[in-house]
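S.K.: Got a sequence here, can you build the structure:
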Amino acid sequence: MKRSFSRTAMAVALSLGTVGVMGMAASPALAAKKKSGGGEYSKEFIAVYQPLSEKAEADPATAAAEIGTLSATIASADEKLAGGQLIYNLGAKTSNTALQYQGIKLMADSGKIAPEQAGKVFLAAGQLGYNAQDYAAARGYLEQAATLMPADPAVPATLAEVYVQQKDYPQALATIEKAIALRKAAGEAPADTDAFRGLAIAANNGLNDQAALWAVRVIESNPRDEYRTEAYKVLSALSRYTKEEELDLLRLMYRADALSDRRQYMAYLAAADARRRPAEVKTLVEAGIAAGLLTSTDSLAGDELKLASGRYDSVLRELNADAKGSLDGAAALAVGDTYLGYGKGADAEAMYRKAIAAGVADKDRALTGLGIALADQGKFDEAKTTFGQVSGASRSQLARLWIAYVNDKAG
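M.R.: All right, here's what the predicted structure looks like:
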């Protein structure tokens, strides 16, 4: 059930690690030995470079201040590579990211990088370009890095952030998906930060359907508590579930201790209905009061609690009587669904199985309920198998969420 959603800042800070860039392989003085038709390094460049490279070792701060003189002599591809290396290394030694970016750009643009180092250099250039807010250049460097290092998840992870800055949100999400796939192919567990970044991009930029999909991915990534809570908030606000589907989502949120605001409790109350499921409503209201999100004096919550308490015993007697009778699929489904609220997992399981055997029309709903009843009893393997049989776009998405919950409970 789709409701209004007030977007909150969920952006995950981009963390770029130190990128190793190759050091100087040879001195220009040596590389500039007279080659036939030489001219890789000008005399002017060598005259500035040699004393500056020596000073860089002894006094990097002073050497860094003299970079402008070296830059003025750089013209050839070899000078870009050698000068860029020196400038980059000086920037690294003095923690000057502007110099690092200046140097890495010269190296990347030189066309002289050794093939085995090119991908790393383009990645470093893209990362530094991103930090310098030079997004167009960063995109170019990172797309070259992606071609050269297609299996490195660090490349799409950074490239996605560039796409975000350029407001190319669909491309950013596709790129994060690629990073997740690369980590999975490498045998790494899914990172909750990757999935949550996708959720933040989608939710904060009006891509509601995508946000719901990314929320599922967050929950499947065994996330930290705050990420799980935000993911469930997005799902409860933006999902296109029917009333019965939303009820099963809210049941999951209750079991996962993810009901975090009053609106979620009120939505659950409306979906559960104290007349049909008094035990579930009674338990819910009492939990909401204990959490400080509901009060017994709330008009709706108080009325529902009173109604549920009054019907608690009589409905249970009716259930027990009905369960012994001859029930068709729909009736068995209704009985099993109500048993869940009483915490009677075994009785609910029996009724859901009876509904499925009788050919109940909404088999996916019955399978979902059966999975919940099995999970409530700690039959986690059976629960996962049952949820895995659920089909249909919305129900199968719900089943994925329940499987993630079961995996977490099973440890």
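
S.K.: so R317 is in which element?
M.R.: helix 299-323 (DSSP states H and E).

S.K.: packing partners for that helix?
M.R.: Other elements packing on helix 299-323 under the criterion 3 or more CB pairs under 8 Å, 6 or more residues apart in numbering; DSSP states H and E are helix 262-272, helix 278-290, helix 329-341, helix 345-357. (Each C-beta comes from the backbone N, C-alpha and C, glycine too.)

S.K.: quick one: which of those is nearest A237?
M.R.: With CB to CB as the measure, helix 262-272 is the member of the helices and strands packed on helix 299-323 nearest A237 (8.5 Å).

S.K.: on that earlier part again, next, the angle from the helix holding R317 to helix 329-341.
M.R.: On the basis of axes from the mean of the first three to the mean of the last three CA atoms, to 10 degrees, helix 299-323 is oriented at 120 degrees to helix 329-341.

S.K.: Run the angle between helix 299-323 and helix 278-290 for me.
M.R.: 150 degrees.

S.K.: Helix 299-323 vs helix 345-357, what angle?
M.R.: Going by the same axes, to 10 degrees, helix 299-323 makes 70 degrees with helix 345-357.

S.K.: buried stuff in helix 299-323?
M.R.: Buried residues in helix 299-323, counted by 16 or more other CB atoms under 10 Å: 301, 304-305, 307-309, 311-312, 315-316, 319, 322-323.

S.K.: again with stretch 229-247
M.R.: Applying a neighbour-count criterion of 16+ other CB under 10 Å, one finds 229-239, 241, 245-247 buried in stretch 229-247.

S.K.: which two in those are spaced the farthest apart?
M.R.: Across the buried residues of stretch 229-247 (CB to CB), the longest gap, 21.5 Å, separates E230 and L247.

S.K.: does P223 sit in a helix, a strand or a coil?
M.R.: Here P223 is coil, with the state taken from DSSP: H, G, I helix; E, B strand; the rest coil.

S.K.: Measure how buried R197 is and give me the count.
M.R.: R197 has 26 neighbours, counted by other CB atoms under 10 Å.

S.K.: so it touches A160, yeah?
M.R.: Yes - R197 lies in contact with A160 (CB atoms under 8 Å); the separation is 7.4 Å.

S.K.: Mutual contacts of those two, please.
M.R.: In the contact map built from CB atoms under 8 Å, 6 or more residues apart in numbering, the residues linked to both R197 and A160 are I176.

S.K.: Could I get the average pLDDT for whatever helix or strand E54 lives in?
M.R.: According to DSSP H and E, E54 maps onto helix 43-58. For helix 43-58, the mean per-residue pLDDT is 93.

S.K.: Which elements pack onto it?
M.R.: Contacts defined by 3+ CB pairs under 8 Å, 6+ apart place helix 43-58 against helix 28-31, helix 60-65, helix 67-71, helix 77-93.

S.K.: Pull out the C-alpha coordinates of that helix and format them as CSV.
M.R.: The C-alpha trace of helix 43-58 is given here as CSV (Å, rounded to 0.1, in the frame of the first residue of the first chain):
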residue,chain,number,x,y,z
LYS,A,43,66.9,20.2,-21.7
GLU,A,44,64.7,22.7,-20.0
PHE,A,45,62.7,19.9,-18.4
ILE,A,46,65.8,18.0,-17.2
ALA,A,47,67.3,21.1,-15.8
VAL,A,48,64.3,21.6,-13.5
TYR,A,49,63.4,18.0,-12.9
GLN,A,50,66.7,16.7,-11.6
PRO,A,51,67.3,19.1,-8.8
LEU,A,52,63.6,19.1,-7.9
SER,A,53,63.5,15.3,-7.6
GLU,A,54,66.5,15.4,-5.3
LYS,A,55,64.8,18.1,-3.2
ALA,A,56,61.7,16.1,-3.1
GLU,A,57,63.5,13.5,-1.1
ALA,A,58,65.1,15.9,1.4
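
S.K.: Report the angle between it and helix 77-93.
M.R.: With the same axes, to 10 degrees defining the directions, helix 43-58 sits at 20 degrees from helix 77-93.

S.K.: Most tightly packed of the helices and strands packed on helix 43-58?
M.R.: Most buried of the helices and strands packed on helix 43-58, by mean neighbour count (mean count of other CB atoms under 10 Å): helix 77-93, with a mean of 23.

S.K.: Could you list the low-confidence segments of the stretch 1-150 of the chain?
M.R.: Scanning the stretch 1-150 of the chain for pLDDT under 70 picks out 1-39.

S.K.: Just the element for the residue nearest in space to the middle of the chain, please.
M.R.: The residue lying closest to the centre of the chain (CA atoms, centre = their mean) is A195, at 1.1 Å. Per DSSP H and E, A195 falls inside helix 192-204.

S.K.: and G325, how many residues sit next to it?
M.R.: Neighbourhood size, G325 [other CB under 10 Å]: 9.

S.K.: which SS state does it fall under?
M.R.: coil.

S.K.: quick one: it and K354, what's the gap?
M.R.: Applying CB to CB, to the nearest Å, the value for G325 to K354 is 11 Å.

S.K.: Which strands or helices does the helix holding A195 pack on?
M.R.: Counting contacts by 3+ CB pairs under 8 Å, 6+ apart, helix 192-204 is packed against helix 154-165, helix 169-185, helix 208-220, helix 225-238.

S.K.: so the longest one versus helix 208-220, what angle?
M.R.: Relative orientation of helix 169-185 and helix 208-220, computed by the same axes, to 10 degrees: 20 degrees.

S.K.: how big is the angle separating helix 169-185 from helix 192-204?
M.R.: Going by the same axes, to 10 degrees, helix 169-185 makes 160 degrees with helix 192-204.

S.K.: Now do helix 169-185: everything it contacts.
M.R.: Residues contacting helix 169-185 (CB under 8 Å, 6+ apart): 151-153, 156-157, 159-161, 163-164, 189-191, 194-195, 197-198, 201-202, 205, 207, 210, 214, 217.
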